[in-house]
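how does the following fold in three dimensions:
(chains A, B, C and D)
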Protein chains: 2
Amino acid sequence: MPIQKTTREEIIKNSIKVFRRKGYYRTSMSDLAKEAGLTKGAFYHHFNDKEEVMRKSLQATINWFEKRVFSIAYEEGPSNEEKIVKMGEVIFQAFTQGDGGCFFANTILETAHVEDTFTKEIKHYFSLWEKALQNMLKDKYSGSEIEEMAERMIADIEGSIILMQLYKDYKPLKKALKRSALSILEK
Amino acid sequence: MPIQKTTREEIIKNSIKVFRRKGYYRTSMSDLAKEAGLTKGAFYHHFNDKEEVMRKSLQATINWFEKRVFSIAYEEGPSNEEKIVKMGEVIFQAFTQGDGGCFFANTILETAHVEDTFTKEIKHYFSLWEKALQNMLKDKYSGSEIEEMAERMIADIEGSIILMQLYKDYKPLKKALKRSALSILEK
DNA sequence: GTCTATACACAGATAGAC
DNA sequence: GTCTATCTGTGTATAGAC
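Now for the predicted structure:
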């Protein structure tokens, strides 16, 4: 079997960069091919269509978040306070690197009212995030409180990411993460 | 002078509907023409290009928010508590009617990393909103507090609008507006 | 597995008749 | 002011040589 010069994983990694920055509809197959160092013809050898590239890109990003971010909530050893601060730091890195904001928020706003193509993946992402936050809140708060708090944290952070991109300034996100951490630390 | 069958204002009103639902790049000039009941050729008689239609659409929406929403903050008579509740109700109507979420958030996420074409208008919108909120907070809170609170309210509401569109459910927005109202009512 | 060439649809925008 | 017709570019996707 001959050597595979360009792997699907490499292509996806590059595609995520482009999709995050330009969005789904604005990104062309030529853009993705160029970023992968391939021609369009070669690119189509690896994927059937644009939708497939996007879906794999979303799934790969979800996997990354599970491994690198949400897993923090389930670590044994650190206290919940330490874990929520640590997760905040990693989230800050994730949403500021490569300057495209939140891949999932961008995608749902772009596609929700045109087609439901990626809704399932995006819902999955947010439910994982929610559960991770709830897990760190469950010792200090009651059942009805933790749901409201987790949803508020996510909304606050996602809204701040919008403001961050509008003003090209990380401060709004920094402040939102601080608010999230404080709301558990101060009790 | 002959009668103008289709006014620019009518066209803009219809264009806003389409842009909110489909986004800027996904909306074609044919879409806009059809919604206005015109052919593409006739449509171009009224506007030079797509960018101009979008800019006028954003500006018209800002004017609408100034008159119908943000003005509530400066009414004389009602208390700040009453005003923030009233503004919340109007905001709920504004962001749920026509089912496209927040026109400005959608647009900045779509365009911010491709071109800065509409940044000025969108910044203007958010600064008007911020000032309106700050005006209702200034009697109860100190200078440094009101800035943080207003930003948090906006972030929380905008993030909730994302969740609202993801789950096709108004509850997240309803809850965010309740949180905003409570944060001033409870002091 | 990668390339060039190409098919076909639709985008933004313009010209000119009525 | 609106129409039809058209120009030009680019989009997604495929065919077939190497």
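
and the helix or strand encompassing A:Gly41 with DNA strand D, contact?
In this assignment (DSSP states H and E), A:Gly41 forms part of helix A:40-46. Yes: Helix A:40-46 lies within reach of DNA strand D by C-beta under 7 Å from any atom of the strand, at A:40-41, A:44. Where you see a C-beta, it was placed from the backbone N, CA and C, and this is true even at glycine.

against which helices or strands is that helix packed?
Helices and strands touching helix A:40-46, as assessed by 3 or more C-beta pairs under 8 Å, 6 or more residues apart in numbering or on different chains; DSSP states H and E, comprise helix A:8-22, helix A:29-36.

distance between that helix and the chain's centre?
Here helix A:40-46 is found 27 Å from its chain centre; the criterion is C-alpha atoms, centre = their mean, to the nearest Å.

again, but for stretch A:48-63
13 Å.

residues making contact with that stretch?
Identification of contacts with stretch A:48-63 by C-beta atoms under 8 Å, 6 or more residues apart in numbering or on different chains yields A:8-9, A:11-13, A:15-16, A:19, A:24, A:27, A:29, A:32, A:47, A:103-104, A:107, A:117-118, A:121-122, A:124-125, A:128.

picking that back up, does the helix holding A:Gly41 reach DNA strand C?
Yes: Helix A:40-46 is in contact with DNA strand C by C-beta under 7 Å from any atom of the strand, via A:40-42, A:45-46.

any idea how far A:Lys138 lies from B:Glu81?
33 Å (C-beta to C-beta, to the nearest Å).

how is chain A partitioned into domains?
With domains defined by automatic domain parsing, chain A comprises A:1-49, A:69-185.

what about the lengthiest helix in chain A, near chain B?
Counting residues, the longest helix in chain A under DSSP state H turns out to be helix A:143-167. Yes: residues of helix A:143-167 are located near chain B by C-beta under 8 Å from any C-beta of the partner chain, namely A:148, A:151-152, A:154-160, A:162-163, A:165-167.

quick check: angle from the following helix or strand past that helix to helix A:143-167?
As assigned by DSSP H and E, the chain's next helix or strand after helix A:143-167 is helix A:171-185. If you take axes from the mean of the first three to the mean of the last three C-alpha atoms, to 10 degrees, helix A:171-185 sits at 160 degrees to helix A:143-167.

keeping just the C-alphas, turn helix A:171-185 into CSV.
Presented in CSV, the C-alpha positions along helix A:171-185 are these (Å, rounded to 0.1, in the frame of the first residue of the first chain):
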residue,chain,number,x,y,z
LYS,A,171,-11.2,41.8,28.0
PRO,A,172,-14.9,41.0,27.8
LEU,A,173,-14.1,37.3,27.7
LYS,A,174,-11.6,37.6,30.5
LYS,A,175,-14.2,39.3,32.7
ALA,A,176,-16.9,36.8,31.9
LEU,A,177,-14.6,33.9,32.9
LYS,A,178,-13.8,35.8,36.1
ARG,A,179,-17.6,36.2,36.9
SER,A,180,-18.1,32.5,36.4
ALA,A,181,-15.3,31.6,38.7
LEU,A,182,-16.4,34.1,41.3
SER,A,183,-19.9,32.8,41.4
ILE,A,184,-18.7,29.5,42.7
LEU,A,185,-15.8,30.9,44.8
